[in-house]
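A.B. asks: Provided below for reference: sequence and predicted model.
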Amino acid sequence: MSATLQKSGHRATLGGPAPAAPRRRPTSQQWAAWAFLTPVTLYLVLFYAYPLYRNLDLSLRHYTVRSFVQGDAPFTGLANYRTVLDDPTFAPALLHTVVFTAVCLVFQYALGLALAVFFNQHFRLSATLRALFLVPWLLPLIVSASTWSWMLNSESGVVNALLSAVGIDPVNWLTSPDWSLASVIIANVWIGVPFNLVVLYSGLQSIPTSLHEAAAIDGANAWQRFWRITFPLLRPVSAITLLLGLVYTLKVFDIIWIMTKGGPADSSTTFATWSYQLGFGNLVPAFGPGAAVGNLLVVAALVFGLIYVRVQRKQALS
Amino acid sequence: MKRRGKTALGVLLTGIMLFPVYWMVNVSFTRDQDMRKSPPDLFPVHGTLAGYRTVLDEQLPYLGTSLVVGLGTVLLTVALAAPAGYALAKLRPRGGGVLSFLLLAAQMIPGIIMAMGFYAIYLQLDMLQSVPGLIVADSTLAVPFAVLIFTAFMSGIPGELLQAAQMDGARAWRIFRSIVLPMSRNAVVTVSLFAFLWSWSDFVLASTLVNGGAHEPITLGIYHYIGNNNQEWNAIMATAVVASLPAAVILVLAQRYVAAGVTAGAVKD
């Protein structure tokens, strides 16, 4: 089943006509098709387009709690965006978003690839162990985040206990501004490795083993076989994995909010947590600026999303 | 010999990866007085069920809400996505490509944005803190993914089968209900699993849309619990263990569906 899904998966996401399309498309079939598609189309308009529009509207008006309920907030143009850009939190939030995304991606990909190569070998329990690796990805984020919070606790956390066992001084993981970003990165890498492992593993499966055997006969060692055969042939899958990871990581919110709330002193604030902080984290909500930060995040996500679609389409055609 | 070494290494790596999960279980059985011990006990030496008693006393209503919201999300998602998948895969409507593209783009929108938009809308409709409202919001996590999975899966159903039914006089709806849907059982299972898991795990929509209401899901139950006390970590971790059960059960019972769902749509082979 997995093979069917993948095979036709890219065709579906490509969206173009399938190769075996019938020559004629009778009108009655067109009507039937759109009858089946009407619910989802309405759904997209009501529950995606409309919330996005409301969010855009929020970012262009000056809202107070009162005007939020009454809906008569004055239109202020790009004032909220100016407020956000002038905010002292902007530069650190941008930096943290970039660092968080880049570091998470690198580690998730590198560890995922190493594990995929390892599990691609034949040995007993290989399939079972690979399945167990999915656990961190499946757990509710609140569960992973609170478990990591306790593990990284300064006084009683098991991580500091392990460090002291090898003679390293305890680290104030969540309470020191120097370490809070590293802490949420560690937790997020742990959550993201399984996805990279599974996707890259399925990419490895499609590389014919005969290539490796031929190279082995020619005297290539394991590292040469990986670097000169596996890695280049895996490049398309790697590109998709990294782009999708980029889009996912950019919007990570739960982990950071639950573990550090973006603190201490904004040291782990990203655009996602900053937006939530502005809109819902204070007694006096700043919906306008919160929505403005959120919209900047949407733009970033959609830019990389479009790149993803382009790459996906190009690969499907080739 | 060499193979045995690889198995051993694999077990070791899996052990390291799953250590946080083990630690959650370990802490859930640890007594209050042993919680701040340094170094901590690596096993629940003086095991206690106090944490789990607290879960039973305090968290059952949250778990019930999560179950209702999860099942509601599954029904809504399958009902919307299965017909759409059939149309996109087999009826090839004009504009279908655009729709597929929009569904893909919808998956890129950050959850926090959806949360804020829904909050603004629900506030005006007076729908905050309602279970149906949360079901609708949670379904946005799964619907686009579900349509793409159904489309991919239903493309694999042989066209001859559907044409034969058409010859016998069956209309599109009949073909969908009597042939396509029964044959797509695996896709229904995959979609339902993910819709349930995502809704069960959702935190950001719940914390914006039903926070402080009468019906809060388990993610908020845990979140309040952490906020209100940082002493009883055994109870917090016991709640976390219980909240993880659906994920564990699903992985054991339906491992191949999970793996298929993760890779579907992400990669071309």
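C.D. replies: Nice, I can see it. Residues are numbered from 1 along each chain as shown, chains lettered A, B, ... in the order given.

A.B. asks: geometrically speaking, which residue is the centre of chain B?
C.D. replies: The residue lying closest to the centre of chain B (C-alpha atoms, centre = their mean) is residue B:197, at 1.5 Å.

A.B. asks: return the residues in contact with that residue.
C.D. replies: Going by C-beta atoms under 8 Å, 6 or more residues apart in numbering or on different chains, residue B:197 touches A:138, B:246, B:247, B:250. Quick note: C-beta positions are derived from backbone N, CA and C, even for glycine.

A.B. asks: gap between the closest residue to residue B:142 other than its chain neighbours and chain A?
C.D. replies: What sits nearest to residue B:142 in space, not counting adjacent residues and going by C-beta to C-beta, 6 or more residues apart in numbering or on different chains, is residue B:195, at 3.9 Å. The gap separating residue B:195 from chain A is 14 Å, by C-beta to the nearest C-beta, to the nearest Å.

A.B. asks: was I right to think residue B:195 contacts residue B:79?
C.D. replies: No - between residue B:195 and residue B:79 there is no contact under C-beta atoms under 8 Å: 10.9 Å.

A.B. asks: more neighbours: which of these two?
C.D. replies: Taking neighbours as other C-beta atoms under 10 Å in any protein chain shown, residue B:195 and residue B:79 compare with residue B:195 leading, 27 against 11.

A.B. asks: residues of the helix or strand encompassing the more buried one that come out buried?
C.D. replies: Using DSSP states H and E, residue B:195 sits in helix B:185-201. By neighbour count, and taking 16 or more other C-beta atoms under 10 Å in any protein chain shown as the criterion, the buried residues in helix B:185-201 are B:186-201.

A.B. asks: ok, of the residues you listed, which one's closest to chain A?
C.D. replies: Relative to chain A, the closest of those is residue B:201; by C-beta to the nearest C-beta it sits at 3.6 Å.

A.B. asks: what sits against the closest residue to that closest one other than its chain neighbours?
C.D. replies: Nearest residue to residue B:201, sequence neighbours excluded (C-beta to C-beta, 6+ apart): residue A:140, at 3.6 Å. Contacts for residue A:140 (C-beta under 8 Å, 6+ apart) come out as B:200, B:201, B:203, B:218, B:219, B:243, B:244, B:247.

A.B. asks: select from these the one having the most neighbours.
C.D. replies: In terms of neighbours by other C-beta under 10 Å, the contacts of residue A:140 top out with residue B:218 at 30 neighbours.

A.B. asks: in contact with that residue, which residues?
C.D. replies: Residue B:218 touches A:140, B:59, B:62, B:63, B:65, B:66, B:200, B:239, B:242, B:243, counting by C-beta under 8 Å, 6+ apart.

A.B. asks: if any of the residues you listed are buried, put those into a PyMOL selection.
C.D. replies: Buried residues within the contacts of residue B:218, by 16+ other C-beta under 10 Å, are selected in PyMOL with:
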select buried, (chain A and resi 140) or (chain B and resi 59+62+63+65+66+200+239+242+243)
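
A.B. asks: now, the contacts of residue B:218 that are in helices?
C.D. replies: B:62, B:63, B:65, B:66, B:200, B:239, B:242, B:243 (DSSP state H).

A.B. asks: so which of those reach chain A?
C.D. replies: The residues of those that also fall near chain A, by C-beta under 8 Å from any C-beta of the partner chain, are B:200, B:243.

A.B. asks: I'd like the ones in helices among the contacts of residue B:218 as JSON lines, with pLDDT and distance to residue A:76 appended.
C.D. replies: Below are those laid out as JSON lines (pLDDT from 0 to 100; distance: C-beta to C-beta, whole Å):
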{"residue": "B:62", "pLDDT": "95", "distance to residue A:76": "40"}
{"residue": "B:63", "pLDDT": "95", "distance to residue A:76": "44"}
{"residue": "B:65", "pLDDT": "96", "distance to residue A:76": "39"}
{"residue": "B:66", "pLDDT": "96", "distance to residue A:76": "40"}
{"residue": "B:200", "pLDDT": "96", "distance to residue A:76": "40"}
{"residue": "B:239", "pLDDT": "94", "distance to residue A:76": "44"}
{"residue": "B:242", "pLDDT": "94", "distance to residue A:76": "47"}
{"residue": "B:243", "pLDDT": "94", "distance to residue A:76": "42"}
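
A.B. asks: return the member of the ones in helices among the contacts of residue B:218 nearest to residue B:10.
C.D. replies: Of all the ones in helices among the contacts of residue B:218, residue B:10 sits closest to residue B:243, with 28.2 Å by C-beta to C-beta.
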